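What follows is a predicted structure for the sequence shown.
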Amino acid sequence: MKKVAFEKKVLVILFAVLFAVVSISFFVNNSLQSIVDKVSEDSQLDENVVLLKGMMVDISDAENSVKSYGLTKDGNYLDDYNFQINEVNKKILELGELVEPGTELDKGLPKIDSLVNAKFVILDELLLVQSQRSADLILNKVLEKVGSVNDGSTAENTANPTETTAVNETEDKEKFFKRLFGNRKKKKEKEEAELASADTLGLEDVESVMDESFTKIDKELEELRKKETEFEVELKMKELELIQEDKLIMDEITTLVASLELADKKDRDDKIAYAEEQRSSTKMHIILFCIFSCVLLILAGYVVYIYVKKNNAYKTALRAAKNESDVKNIEITASITYAKRIQSAIMPDDKKIASAFPNSFIYYKPKDIVAGDFYWMIDTPEHVFIAVADCTGHGVPGAMVSVACSAALNRSVKEFGLRKPSEILGKCREIVIETFEEGNHVLYDGMDIALCKVDKTSGQMEYAGANNSLYLIRKGELIEVKADKQPVARFYKEAAFTNHTIEIQKDDCIYLFTDGFPDQFGGDKKKKFMYKRFKELLVKNSDRSPKDQASAIDHAFESWKGGMEQIDDVCVIGIQL
């Protein structure tokens, strides 16, 4: 699978972020527009205003019903009037339930209710006035009828002066007057008496009585016309007064409703204006945010571009340096590998040690390619010298010190002919100090060592040690022959090394070692292996063959170390004498 370049990944991420910012901005803008539209819809004429307008229409219809009734005297208009009163009252109750507390409509509703009640009181009074005028009209019609009857009677008396016709007309007039003046009891009784007596009179007497009666009636009717004229004037003045009062109340209601509608319209306009202002402001903020984000993204892209460019240059330089380093590393590794060959050449061959000590093993595990630990052996006709040494440091520095220390051992035995281990170590110290003080720097490097000499004829063994002790296991018991607490090197308190003589018994095992194994960190708690555990390991496997002992030591070391780094060179030699 082809790997995508880092700069391409960054560009993709930047474009994705830019797309996300723009999308979010459009989403927010559309959301705000939806809010504005909703506010505009909510700001349309609400139910309260609709009810107010309906109430005004009902009031106007009620007023028209009153006027129509005054003109036509049709009872259906009274029914319409009562229905419209009920509708107005219903709308006022609905307004009281729907209006929000604290609004202008809530404050003005009681006044509207009071004015509407006052208006209907006036309309009721107008209906009463119109009813009175209706009674006057009836009276006028009666007067006209009376006049027509009077005129007709005179004409009929002249044209037909017969007694039968006069009697019939007298009876008709008597019935008419009874219907008209039924409330005037005394006058009716007098007229009835006169009419009754007219039956016994002659025709001339009847005409005289009738003329006298019509004269009285004319006088009374004249008085009635006069009173009716005065009452008509009063009714017209009352009606005019009521109409003016009704107009004032209607004007006040109209003005109040108009002011409430205006306040409501102003509130709606304010809401729309505020929502639009917020939308415009937010839209401007979104635009600025988008511009700012784009600028930041462009800057980020430029910075990434510069970084990628420099990083590519750095990678190129690093790759070149790595190639150069790899070449040098290969050369150095080759040199160190060759140095290992040199170090291996100055150490005794395993076959040579196996020839001198058939029942023996060597566990040698350098930390690096070359090591500061080494083992040394010289086989003479009378004695075998064998040692395990731990030079200062490890790796290349330790290997260089080991070459000098190995040469010092060889010179002490071969050149100076020394055979006593303590004397050999003393001479080695002199040679090492002399070797490391030839230059401009005084070095304190040297070695810790355990040196043994085995006599081939007597079976005796001599030992001398510098910081490295000797372990002797005899019949399952470990005997430690302690070394002197000083190195084979420049030391602040130099002293002669102690020479130890040991009588060897059958199946004795000796162990020479450096501190690499006991000092190794590992285990569950990441601690040192320590000398106590190391002694137990050697005692536990001492009765096994040399090969098995080497395997057990390797297994114990690797198990303890686990995934941790090896901290030092490790060297252990076991010999069964």
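Yep, it's here. Residues are numbered from 1 along each chain as shown.

Now G398: closest residue in space that isn't a chain neighbour?
G372 (2.1 Å; Cβ to Cβ, 6 or more residues apart in numbering). The C-beta positions use only the backbone N, C-alpha and C, and glycine is treated the same way.

confidence score at that neighbour?
G372 is assigned a pLDDT of 89 by the prediction.

Number of residues surrounding it?
30 (other Cβ atoms under 10 Å).

Check which residues of stretch 521-535 are buried.
For stretch 521-535, a neighbour-count test (16 or more other Cβ atoms under 10 Å) marks 521-522, 528-529, 531, 534-535 as buried.

so which of these comes closest to Q505?
Nearest to Q505 out of the buried residues of stretch 521-535 is K535 (Cβ to Cβ; 19.5 Å).

Could you list every helix and strand in contact with the helix or strand that contains that closest one?
Here K535 sits within helix 531-541, counting by DSSP states H and E. Judged by 3 or more Cβ pairs under 8 Å, 6 or more residues apart in numbering; DSSP states H and E, the packing partners of helix 531-541 are strand 470-474, strand 477-481, helix 546-561.

With just CA atoms, put the second one into PDB.
In PDB, the C-alpha atoms belonging to strand 477-481 read as follows (Å, rounded to 0.1, in the frame of the first residue of the first chain):
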ATOM      1  CA  GLU A 477      29.000 -26.900  51.000                       C
ATOM      2  CA  LEU A 478      30.300 -23.600  49.600                       C
ATOM      3  CA  ILE A 479      33.500 -22.200  51.000                       C
ATOM      4  CA  GLU A 480      34.400 -18.600  50.100                       C
ATOM      5  CA  VAL A 481      38.000 -17.600  49.900                       C
END
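
Can you list the strands that the helix or strand just after that strand pairs with?
The helix or strand immediately downstream of strand 477-481 is strand 500-503, counting by DSSP H and E. Sheet pairing of strand 500-503 (DSSP bridges) gives strand 460-466 (antiparallel).

what angle separates the partner strand from strand 470-474?
With axes from the mean of the first three to the mean of the last three Cα atoms, to 10 degrees defining the directions, strand 460-466 sits at 140 degrees from strand 470-474.

mean confidence for stretch 529-541?
Here the average pLDDT along stretch 529-541 is 95.

I would like the residues contacting that stretch, please.
471, 473, 476-478, 480, 511, 513, 517-520, 522-523, 548-549, 552-553, 556-557, 560, 574 (Cβ atoms under 8 Å, 6 or more residues apart in numbering).

Correct me if wrong: the residue nearest to G398 contacts V403.
No: using Cβ atoms under 8 Å, G372 makes no contact with V403, being 10.5 Å away.

can you give me the helices for the chain?
6-42, 47-72, 75-98, 104-159, 163-180, 185-198, 203-346, 350-356, 395-410, 421-436, 531-541, 546-561 (DSSP state H).

Please tell me how far G574 sits from Y364.
G574 sits 12 Å away from Y364, going by Cβ to Cβ, to the nearest Å.

typed the wrong thing, it's V539
22 Å.

quick one: which of those two has more around it?
Between V539 and Y364, counting by other Cβ under 10 Å, Y364 is the more crowded of the two (18 against 15).

count of neighbours near K547?
K547, neighbours per other Cβ under 10 Å, totals 9.

quick one, what contacts F385?
376-379, 413, 421, 424, 451-453.

go with 6 Å
378, 453 (Cβ atoms under 6 Å, 6 or more residues apart in numbering).

Kindly report the same for M447.
Contacts of M447 (Cβ under 6 Å, 6+ apart): 389, 391, 405, 488.
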